[in-house]
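S.K.: sequence first, then the predicted structure, then my questions.
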Amino acid sequence: MILPSVSIIIPTHNEGHDVLDTVDCILRNSGTSMLQLIVVDDGSTDHSADALKRLAIAGKIELFVGNKLGAIGARNKGAEMAKGEIVAFIDAHCYTPANWLAPLLKVFVEQPHISALSPVISCTKNLQAKGYGATWIDDELAMHWLGPTTQITDVPFIGGAATFVRKAIFDKLHGFDEGIVQWGYEDIELSIRLWLFGYPIVVWPDSIIYH
């Protein structure tokens, strides 16, 4: 099976060792040559800024250095640089284990109607805690992680820690909404917009990342 090319986008601001560890485990554990790794550094002033520049000079990542882009602006800037058929947004404090990527990319090949997906999201401080997509449970609109599933499953929302979207669809919807001012809601808004335009989103339990 020929897997689609993927551009992984990591926004960062003063993430220190976390972003360097995230880059390292993605490079080591993704297992595909069809990978473009983009880091958007939104004006970091810690030691990670120089370390990311060295990685870019070595050709291991593509680096954009911005200033006050914000989390949403940084993600959209990365998407502008993306050349892959799939764009993936990964937080700068995630761990990706071995063979995490191929199962996700296979879904896009085998189920062409699916527009966006997420792996299972677990917690680095509590490995028993796992989210299989998310939903709202009350009028406060707080995100609530869904429980286990053993098969590909439609979900209301996919978490921003690991969001995979077909690039053509992401571009068609003009990316994340930069009018959102509250941190952490851009993933929910994108999920809702995808559903409103008839694009299914799913969680795939055969892959997991740690956040």
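M.R.: Yep, it's here.

S.K.: which strand of the protein spans the most residues?
M.R.: strand 201-210 (DSSP state E).

S.K.: which neighbouring elements make contact with it?
M.R.: helix 102-110, strand 116-123, strand 153-154, helix 186-196 (3 or more Cβ pairs under 8 Å, 6 or more residues apart in numbering; DSSP states H and E). From N, CA and C alone the C-beta is placed, and that goes for glycine too.

S.K.: next helix or strand past the second one?
M.R.: Scanning the chain past strand 116-123 towards its C-terminal end, the next helix or strand to appear is strand 126-131 (assignment: DSSP states H and E).

S.K.: now whichever helix or strand comes after that following strand: average pLDDT?
M.R.: Going down the chain from strand 126-131, the next helix or strand is strand 134-136, by DSSP H and E. Average pLDDT, strand 134-136: 92.

S.K.: packing partners for strand 134-136?
M.R.: Using 3+ Cβ pairs under 8 Å, 6+ apart, strand 134-136 sits against strand 143-145.

S.K.: where are the low-confidence patches of the chain?
M.R.: Counting by pLDDT under 70, the chain has low-confidence residues at 33, 181-184.

S.K.: again, only using 80
M.R.: 32-34, 127, 139-141, 181-184 (pLDDT under 80).

S.K.: just to revisit the earlier point, quick one: the longest strand of the chain to strand 126-131, angle?
M.R.: Relative orientation of strand 201-210 and strand 126-131, computed by axes from the mean of the first three to the mean of the last three Cα atoms, to 10 degrees: 170 degrees.

S.K.: when you give positions from now on, start the count at 51
M.R.: In the new count, where the first residue is 51, that last one comes out as strand 251-260.

S.K.: send the alpha carbons of strand 251-260 over as PDB?
M.R.: The C-alpha coordinates for strand 251-260 follow below in PDB (Å, rounded to 0.1, in the frame of the first residue of the first chain):
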ATOM      1  CA  ILE A 251     -14.200  12.800  11.500                       C
ATOM      2  CA  VAL A 252     -13.100   9.700  13.400                       C
ATOM      3  CA  VAL A 253     -10.900   8.300  16.100                       C
ATOM      4  CA  TRP A 254      -8.600   5.400  15.200                       C
ATOM      5  CA  PRO A 255      -7.800   3.200  18.200                       C
ATOM      6  CA  ASP A 256      -4.900   1.400  16.500                       C
ATOM      7  CA  SER A 257      -2.600   4.400  17.100                       C
ATOM      8  CA  ILE A 258      -1.900   6.300  20.300                       C
ATOM      9  CA  ILE A 259       0.200   9.300  21.300                       C
ATOM     10  CA  TYR A 260       1.000  10.600  24.700                       C
END
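
S.K.: so who does the residue most central in space within the chain touch?
M.R.: Central residue of the chain (Cα atoms, centre = their mean): Phe139, 2.3 Å from the mean position. If you count contacts by Cβ atoms under 8 Å, 6 or more residues apart in numbering, Phe139 has them with 58-59, 61, 125, 128, 210, 212-213.
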